[in-house]
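[1] here's my sequence, what's the structure:
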Amino acid sequence: MKSKMIFGFHAVTSRLRHEAVSVEEIYVDSGRSDRRMQDLVQAAKAAGVRVIPTDDQRLSNIVGTRRHQGVVAKAGELSLARNLDELLDAIEGPPLLLVLDGITDPHNLGACLRVADGVGAHAVIAPKDRAVGLNATAAKVASGAAETVPYITVTNLARTLRELKDRDIMLVGTTDDVEKNIYGVDLRGGVAIIMGSEGEGMRRLTRETCDVLVQIPMFGSVESLNVSVASGVCLYEARRQRLVL
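    Residues are numbered from 1 along each chain as shown. Predicted coordinates:
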């Protein structure tokens, strides 16, 4: 099983909670003895995971950043769905997906995963090229959502979008140069919300493949929202429409 390093209290605690068997060992800052650290160490030992005390500098060297919060885990890959067919075949009810076209910042990816988890989206889909991978920084920002939301990368995004359409999943692209807004679209069926990069938006072929293009109405002085915030607005509107009141 291929191993990777995850760090931060949220990411490591979530992995212990959802799939402790995948955690090989945990390195902790020997200089921390606060309650949060004690709880994590106790949870690790209860799950039979080896805990290795070390120093802050070594933790920074392991993950390449000082923002590890004093805890780093070596863990195997999760058993989440990793391809589109496996994912869609397992979904009961109308799929709710988030597609990211051209997101290269791991902080944005992590925040989008966190939003997707919060709204109960079935997966986040992204192209392998011109996109950030699910690295340790993205996993930390996701605060555990990287352990629960499948992140599926595809070689050809336009082809994948056509496959979604073949499964009766409506493709809703977001842009700021159309009049129709997200609140005027029926999102109760199978839906894939598509977000482009903050600078360039969706690529041309992605945009042309969409069934409908919408904008998020802005009422203040700023012209647009961060991609994770925009994802949250659209996904939660879809979830709101599906709620039985």
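[2] could you name the helices and strands sitting against the helix ranked longest in the chain?
    Taking DSSP state H as the criterion, the chain has its longest helix at helix 227-242. Where contact means 3 or more Cβ pairs under 8 Å, 6 or more residues apart in numbering; DSSP states H and E, helix 227-242 is packed against strand 96-101, helix 106-119, strand 170-174, strand 191-196. Where C-beta positions appear, they are placed from N, C-alpha and C, glycine not excepted.
[3] can you give me the strands in this structure?
    For the chain, applying DSSP state E gives strands covering 3-7, 23-29, 50-54, 71-76, 96-101, 123-127, 151-154, 170-174, 191-196, 212-214.
[4] reformat those as a markdown table; add mean pLDDT and mean neighbour count.
    A markdown table is the format used below for the strands of the chain (pLDDT from 0 to 100; neighbours: other Cβ atoms under 10 Å):
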| stretch | mean pLDDT | mean neighbour count |
| --- | --- | --- |
| strand 3-7 | 85 | 19 |
| strand 23-29 | 95 | 20 |
| strand 50-54 | 96 | 14 |
| strand 71-76 | 91 | 23 |
| strand 96-101 | 97 | 26 |
| strand 123-127 | 94 | 23 |
| strand 151-154 | 92 | 20 |
| strand 170-174 | 97 | 22 |
| strand 191-196 | 97 | 26 |
| strand 212-214 | 97 | 18 |
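[5] what about the helices and strands packed on helix 227-242, which gets the closest to Thr153?
    Among these, strand 96-101 comes nearest to Thr153, with 10.0 Å by Cβ to Cβ.
[6] partner strands of that closest one and their direction?
    Using DSSP bridges, strand 96-101 pairs in its sheet with strand 123-127 (parallel), strand 191-196 (parallel).
[7] please save the CA atoms from that strand in CSV.
    Extracted in CSV, the C-alpha atoms of strand 96-101 (Å, rounded to 0.1, in the frame of the first residue of the first chain):
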residue,chain,number,x,y,z
LEU,A,96,-24.3,16.0,-6.4
LEU,A,97,-20.8,16.6,-7.7
LEU,A,98,-18.3,19.5,-7.7
VAL,A,99,-16.0,19.8,-10.7
LEU,A,100,-12.9,22.0,-10.5
ASP,A,101,-11.4,23.1,-13.7
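[8] from the chain's centre, how far out does it sit?
    10 Å (Cα atoms, centre = their mean, to the nearest Å).
[9] who's in contact with it?
    Under the criterion Cβ atoms under 8 Å, 6 or more residues apart in numbering, residues 109, 112, 115-116, 119-127, 131, 157, 161, 164, 169, 171, 190-197, 202-203, 206, 227, 231, 235, 238-239, 242 lie in contact with strand 96-101.
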